[in-house]
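In: just need the structure, nothing else, for what follows:
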Amino acid sequence: MSRRVKTKADYFVSGRSAGTILIVGTLVASYLSTVALMGEAGTGYAGFAWPTMLIIVVSQLGYLIGVLLFGRYLRASTALTLPEFFGDRFHSRRLRALSGFAVLIGIGLYLVAVTRGMSLVLEEITGLNTWVSLLIAWGAFSLFTIMSGSKGVLVTDTVMFFIFMVGGTVGFLSIVYAAGGFSNVMESLTTDTSLREGLMWHGAIGEGAMLESPLQAVVYFVTFGVVWLFVIAVSPWQSSRYMMAKSNHVAVRAGVIALVVVLLFYVVMLFAAYSVNLINPNIAPAENVFIWSAYNIMPLGIGVVVVAGIMSAALSSASTFLSLVGFSAVNDVLPIFRRQSYGDAEEKTGIRDSRIAMLIVGFIALVITVIASPTVLEIGYMAAAFFAASWGFVAFASTQSKKVTERGAFWGMLLGGATVLVFEGLSTFSNFALPTLLDPVLLGLIASLLGLTVGSATSEPSAESLAYISNLKQQVEVQETPTEIRKTKIYLGASIAVIAIFVATVAYLYLPQMITTA
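Out: The predicted structure follows:
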């Protein structure tokens, strides 16, 4: 794929020529990393399968909302990165630089989380020490990402998508089979007093548990559901995928398919993770539930594919994150220090500089991964919260409102991100804790909304920004042909039908067991 990279557009957005399957593959592969297959699987195993699933139900709406209200506009723009889009939309050099730094910080955190997850898998499998495992993981995803950019990431993401979807599903089903089959597993879980509560909507709450009351469970899944909704809708590693689509309708169809695929995958994954308690309730850390299962429950061939699937998910996400920080560093941050205008860099120079930037940023993430102590899930959630608060309201306002101004967008992004970094950093890396109803991400969203509102109310939108958004809306509307609309409606209708059938099936299998043992 690196041989096909001729221009910055090839390297950054794969020439905007990707079809539906490739976009679905990279959307899901970028989302399902070790944060999901280790971190969230671990929370499911620990008795919080339903709170985690409720987060997913809320968050997956982000695919539909995001592509309709934000992704289509990115695709119609000529921007190569999201910070460039913000800079063009508000005709602002400082906003582009700020959002570029946000990518470096937020994506860097997520890259640390995924790299840590990969090293844990390698350590568990091989017995190698942490440094060697980290170097192998880092070298694996850095090589093809630096060489081929988005073209390579798209292809590898899609290949890895099929590996972990097929391997994961077969592996999860083998766990349920080993535990006695679905009916026996449900009966055992619902009749065992120590496990039944883990099937309740609030999970296994109690003193000393991750969640100690139903109120905390509600705040947990509503807060993180909204956080991940914003993440899926506007985060760089999700919304940037739409910039590679060959058309806006391809982007919409891919978003709809991704919504369905992730929902179905999580139901099976979380139920399988909790079922492992019937075989071994003492796995520590809980993040290793599927790795332990691959060694001790699954047939050898299936276990190999499942562990390869976990590594594939991690590699695909890491390659996306690494490419994004490299693109943004060169395209959005470095020109500020070099005092270059946005279009000054030559094609080959931009590609070369991006490769160098990826190498540097990847090495920094490698060092931080060794030093950092929090778990994969904690680091991943901190990165997600950062983008939800700093970009969420600003991104939607940038495409849906002509009243939002550069000042409002700048302060909304700055205050939201800074608030989350301060409070999440304190709670993650120290003993500082806020009350349940004052979650750092809620404070960040409030700060971002205040900055956006007050900043826009005290300034006027520039003529350039108004002309840009008017022209962009016209481009989006021109692409809405009747034939394409009908085809997209078929995708929407089929997706709704699949979700309805699956929900009815889960209710049919789940509710009778819970009612009869109540």
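In: which stretches in the stretch 401-518 of the chain count as helices?
Out: For the stretch 401-518 of the chain, applying DSSP state H, counting those that start in this stretch gives helices covering 406-429, 440-457, 463-478, 482-516.
In: deepest-packed of those, please.
Out: By mean neighbour count, with neighbours taken as mean count of other Cβ atoms under 10 Å, helix 406-429 ranks first of the helices of the stretch 401-518 of the chain at a mean of 22. In short, each C-beta sits where N, CA and C put it, glycine included.
In: so what's Ala46 up against?
Out: 204, 210, 286 (Cβ atoms under 8 Å, 6 or more residues apart in numbering).
In: quick one: list the elements packing against the one helix or strand Leu64 maps to.
Out: Taking DSSP states H and E as the definition, Leu64 sits inside helix 61-66. The contact analysis (3 or more Cβ pairs under 8 Å, 6 or more residues apart in numbering; DSSP states H and E) places helix 61-66 against helix 214-234, helix 236-242, helix 248-275.
In: which one of these is the most hemmed in?
Out: Most buried of the helices and strands packed on helix 61-66, by mean neighbour count (mean count of other Cβ under 10 Å): helix 236-242, with a mean of 28.
In: contacts made by it with the rest, please.
Out: 13, 23, 26-27, 30-31, 62, 66-67, 70-72, 74-75, 81-82, 103, 106-107, 110, 231-233, 251, 254-255, 317, 320-321, 324, 328, 387, 395.
In: quick check: strands, which of those residues are part of them?
Out: Among the contacts of helix 236-242, DSSP state E puts none in strands.
In: so, low pLDDT: which residues of the stretch 401-518 of the chain?
Out: 428-430, 436-437, 479-480, 513-514, 516-518 (pLDDT under 70).
In: so how far is Met186 from Tyr484?
Out: Careful, residue 484 is Glu; it's not Tyr. 44 Å (Cβ to Cβ, to the nearest Å).
In: same deal with Leu211?
Out: 23 Å.
In: by contact count, what packs against the least confident helix or strand in the chain by mean pLDDT?
Out: Least confident helix or strand, the chain: helix 34 with a mean of 70, by mean pLDDT, DSSP states H and E. Here helix 34 touches helix 93-126, helix 300-328, going by 3+ Cβ pairs under 8 Å, 6+ apart.
In: quick one, which of the helices of the stretch 401-518 of the chain gets closest to Val166.
Out: helix 482-516 (17.9 Å; Cβ to Cβ).
In: quick check: closest non-adjacent residue to Leu366.
Out: Trp138 (4.9 Å; Cβ to Cβ, 6 or more residues apart in numbering).
In: and for Ile469?
Out: According to Cβ to Cβ, 6+ apart, the nearest residue to Ile469 is Lys402 (6.0 Å).
In: any idea how many residues pack against that neighbour?
Out: When neighbours are defined as other Cβ atoms under 10 Å, Lys402 has 12 of them.
In: try Leu61
Out: Counted with other Cβ under 10 Å, the neighbours of Leu61 add up to 16.
In: distance of it from Leu421?
Out: 26 Å.
In: Met210 too?
Out: Met210 is 23 Å from Leu421, by Cβ to Cβ.
In: okay, who's weakest in the contacts of Ala46 by pLDDT?
Out: Scanning the contacts of Ala46 for pLDDT, the smallest score is found at Met210, 70.
In: so that one: helix, strand or coil?
Out: coil (DSSP: H, G, I helix; E, B strand; the rest coil).
In: for it, what are its contacts?
Out: Contacts of Met210 by Cβ under 8 Å, 6+ apart are 43, 46, 48, 203.
In: are any of these buried, and which?
Out: 43, 46, 48, 203 (16 or more other Cβ atoms under 10 Å).
In: which one of these is nearest Tyr491?
Out: Using Cβ to Cβ, the buried ones among the contacts of Met210 come closest to Tyr491 at Thr43, 31.6 Å.
In: wait, the closest one sits on Val289?
Out: No - counting by Cβ atoms under 8 Å, Thr43 stays clear of Val289, with 9.9 Å between them.
In: helix or strand right after the helix ranked longest in the chain?
Out: In the chain, with assignment by DSSP state H, the single longest helix is helix 130-178. On the C-terminal side of helix 130-178, the closest following helix or strand by DSSP H and E is helix 182-191.
In: state the mean pLDDT of that next one.
Out: 83.
In: now do the buried residues in that helix.
Out: Those would be 185-186, 188-190, for helix 182-191 by 16+ other Cβ under 10 Å.
In: thinking Glu197 is in contact with Ala204, fair?
Out: Yes - in this structure, Glu197 is within contact of Ala204 by Cβ under 8 Å, at 4.8 Å.
In: overlap in contacts of these two?
Out: Gly47.
In: more neighbours: which of these two?
Out: Legend: neighbour count by other Cβ under 10 Å for Glu197 and Ala204, higher for Ala204 (22 against 16).
In: how many other residues sit next to the closest residue to that one other than its chain neighbours?
Out: Sequence neighbours aside, Gly47 is the residue nearest to Ala204 in space, at 3.0 Å (criterion: Cβ to Cβ, 6+ apart). Gly47: 26 surrounding residues under other Cβ under 10 Å.
In: distance of Leu61 from Gly255?
Out: Distance, Leu61 to Gly255, using Cβ to Cβ: 11 Å.
In: again, but for Leu438
Out: In terms of Cβ to Cβ, Leu438 sits 33 Å off from Gly255.
In: which stretches of the stretch 201-350 of the chain aren't confidently modelled?
Out: Applying pLDDT under 70 to the stretch 201-350 of the chain flags the ranges 208-209, 338-348.
In: please repeat the previous calculation with a cut-off of 90.
Out: For the stretch 201-350 of the chain, the stretches with pLDDT under 90 are 201-228, 231, 235-237, 247-248, 267-268, 271, 284-288, 290-291, 294-295, 298-350.
In: go on, the stretch 1-150 of the chain?
Out: Using pLDDT under 90, the flagged stretches of the stretch 1-150 of the chain are 1-17, 29-41, 43-44, 46-58, 78, 101-149.
In: go with 80
Out: The model of the stretch 1-150 of the chain has pLDDT under 80 over residues 33-35, 109-110, 113-114, 116-117.
In: distance from the chain centre to stretch 304-324, please.
Out: Distance of stretch 304-324 from its chain centroid, counting by Cα atoms, centre = their mean, to the nearest Å, is 13 Å.
In: do stretch 64-82 as well
Out: 16 Å.
In: and if you look at stretch 135-145?
Out: Distance, centroid of stretch 135-145 to centroid of chain: 20 Å (Cα atoms, centre = their mean).
In: again, but for stretch 215-229
Out: Relative to its chain's centre, stretch 215-229 lies at 16 Å (Cα atoms, centre = their mean).
In: and for stretch 211-222?
Out: Distance, centroid of stretch 211-222 to centroid of chain: 22 Å (Cα atoms, centre = their mean).
In: okay, how far is it across stretch 203-221, tip to tip?
Out: This stretch, stretch 203-221, spans 11 Å end to end (Cα to Cα, to the nearest Å).
In: how close does Leu27 get to Ser328?
Out: For Leu27 relative to Ser328 (Cβ to Cβ), the value is 19 Å.
In: toward the C-terminus, what is the element adjacent to the least confident helix or strand of the chain?
Out: helix 41-43.
In: quick one: list the elements packing against that next one.
Out: helix 49-59, helix 248-275, helix 289-296.
In: so which elements touch the shortest one?
Out: So the one you mean is helix 289-296. Packing partners of helix 289-296 (3+ Cβ pairs under 8 Å, 6+ apart): helix 41-43, helix 93-126, helix 130-178, helix 300-328.
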